[in-house]
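Trainee: Sequence and predicted structure, then a few things I'm wondering about:
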Amino acid sequence: MKTLIPTVKGTREFYPEQMAVRSRLYHQIQSVSASFGYEEYDGPFLEKIDLYAAKSGEELVKEQAFVFADRGGELITLRPELTPSLARMVAQKQGELAFPLRWWSFGPFWRYERPQKGRSREFFQWNIDLIGVNSPEADAEIIAIAAVLFQKAGLTPAQVGININNRRLMDEALLDAGITAEQKKLVFRLIDRRDKLNREAWQKYALELGLSADQCNSIEWLLGNENLWKQSDELCKVFSVLESLGVQDYIHYDAQVIRGLDYYTGTVFEARDLDKEGRAILGGGHYDNLVGDVGGDPLPGVGFAMGDVMYPLVLEKYGLLDAGQQAPADVLVVVFDQDSMGVSQSFAMDLRRAGLRAMCYPEPAKLNKQFKFADRVGIRQAVVMGPDEIAAGKVTIKDLNLHNQETLSKEEAIVVLQRLLAQADCL
RNA sequence: GUGCCCAUAGUUCAAUGGCGGAACGCCUGACUGUGGAUCAGGAGGUUGUGGGUUCAACCCCCACUGGGCACCCCA
């Protein structure tokens, strides 16, 4: 074989089998989002680098964004996230939009990272936001949407969970533990690393960061305190609303959930496989000011993002990704020879008009080749129109699963095929 | 950006430094107007790329590219 030009590192090709997974994901997201009254939107895939330079962290723009100069020399970025575009879109029409705004989106993003399990350089992401309100009920609604998606996909509360925390609560708790404002960022990083290191290494790391043994112990006590949330009125309210929404089985309090983004100010959450395997499935939180950086009036909101790489891995792990390749058509009309090509094509069209997915072999070929093709792609019914059938004004339909066939009038054949299809749908 | 592992037929994998094979898949035929079975044939490879060591390299060494995993980071 000649050497093929390889794909760009970290990109993914969607063969029909994988495309079916992506489409199913899209439709589930669409359906869940719509059921809560959210509207679909999208932003540009290309943005000026300034949009991200203003707001996102240094690492995102410098290290992890695809940036290139266009023909005019302007620095263009393949969007690494949607929030800045969303902020601009909201700010531009802030005066005419009806708040609270419920918007969702599903589209491609790019990040120049080293690909590994659950992470690629080109991926799709579901973003959903409830903008213009500042209530625990809004936080709970967004979290419930994530839980409902899991529910609909068949993931149980024994398999995945949504871990919730609150930034304000952590700020106060850390202040009580004697952590200064300057130390806060480092401590957040320390907390994030809690599960990655063993206890000794973790404590050593804490001392290296300049924390005292007392401070370290206090943090450890904080993280082990399952009732810490009771000190936060906000979290109490969020949990109570989630109970009303009937999704409390998915919900856990977890003092280790911090989330990296600086703009989260209140409730933060992430969903994970309960085995603690792999990366977070989704992550999000409450923010105070979505549009400030792009020049709008301050707007609070809550939202999350879920990639299309980790989530299917979890579904697959629990056997919920039915890999069953669907046949591309219900019926294959076999072409007997060049002379009968026309009538075969014409009958295939009759079948399509009758609501069947029909395929006509696109050239005359040996019958065994055509039947083998039907078998290979999983088409169950074949229609043969040879000289005998044409002379009698009939067609032969063959069931490749049952290995039987019968010769009928065209009208009868269509009815029989429709009935078979309806039966197959019931199964 | 750092570290570890990997790269041989379409696929999954073999092959002490000494003539690169198997299974499955693919193509053709037995087969008549009919696919999954069976049998008989056949095609398919510059061993990821480029250097080096050697009389001799799929095998040893170096670099590159790509893949996997972890770190970093997580919008």
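Mentor: Received, thanks. Residues are numbered from 1 along each chain as shown, chains lettered A, B, ... in the order given.
Trainee: how close does the nearest residue to residue A:195 once chain neighbours are set aside sit to RNA strand B?
Mentor: Excluding the flanking residues, the one nearest residue A:195 by CB to CB, 6 or more residues apart in numbering is residue A:276, at 6.7 Å. Glycine gets a C-beta too; all of them are placed from N, C-alpha and C. Between residue A:276 and RNA strand B the computed distance is 11 Å (CB to the nearest atom of the strand, to the nearest Å).
Trainee: Residue A:368 now?
Mentor: 3 Å.
Trainee: the strands in the stretch 1-150 of chain A, which residues?
Mentor: In the stretch 1-150 of chain A, the strands defined using DSSP state E, counting those that start in this stretch lie at A:39-40, A:46-48, A:66-69, A:75-78, A:101-110, A:122-131.
Trainee: would JSON lines of the ones you listed with mean neighbour count and distance to RNA strand B be doable?
Mentor: What follows is the strands of the stretch 1-150 of chain A, written out as JSON lines (neighbours: other CB atoms under 10 Å; distance: least, CB to the nearest atom of the strand, whole Å):
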{"stretch": "strand A:39-40", "mean neighbour count": "12", "distance to RNA strand B": "18"}
{"stretch": "strand A:46-48", "mean neighbour count": "14", "distance to RNA strand B": "13"}
{"stretch": "strand A:66-69", "mean neighbour count": "13", "distance to RNA strand B": "11"}
{"stretch": "strand A:75-78", "mean neighbour count": "16", "distance to RNA strand B": "11"}
{"stretch": "strand A:101-110", "mean neighbour count": "19", "distance to RNA strand B": "8"}
{"stretch": "strand A:122-131", "mean neighbour count": "22", "distance to RNA strand B": "8"}
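Trainee: Check the ones you listed for me: which has the lowest mean pLDDT.
Mentor: Mean pLDDT per stretch puts strand A:66-69 lowest among those, at a mean of 87.
Trainee: What are the contacting residues of that one?
Mentor: For strand A:66-69, the external contacting residues (CB atoms under 8 Å, 6 or more residues apart in numbering) are A:49, A:61, A:75-78, A:80, A:110-112, A:121.
Trainee: Can you check what pLDDT the model gives the residue of the stretch 201-350 of chain A found nearest RNA strand B?
Mentor: The minimum distance from the stretch 201-350 of chain A to RNA strand B, using CB to the nearest atom of the strand, falls at residue A:260 (2.9 Å). Note for residue A:260: predicted pLDDT of 74.
Trainee: give me every residue that touches residue A:424.
Mentor: Neighbour list for residue A:424: residue A:380 [criterion: CB under 8 Å, 6+ apart].
Trainee: For it, give me the pLDDT.
Mentor: For residue A:424, the pLDDT comes out at 80.
Trainee: just residue A:363 next, same as before
Mentor: Looking at residue A:363, its pLDDT reads 88.
Trainee: Settle this for me: it is touching residue A:336, isn't it.
Mentor: No. Look at residue A:363 against residue A:336 with CB atoms under 8 Å: they stay out of range, at 11.8 Å.
Trainee: of those two, who's got more company?
Mentor: Taking other CB atoms under 10 Å, residue A:363 and residue A:336 do not tie; residue A:336 has more neighbours (21 against 9).
Trainee: so that one makes contact with residue A:382?
Mentor: No. Contact criterion CB under 8 Å: residue A:336 and residue A:382 do not qualify, at 11.8 Å.
Trainee: number of nearby residues for the residue nearest to residue A:258 when sequence neighbours are not counted?
Mentor: Take residue A:258 and drop its neighbours on the chain: the residue closest to it by CB to CB, 6+ apart is residue A:188, 4.9 Å away. Neighbour count of residue A:188, defined by other CB under 10 Å: 18.
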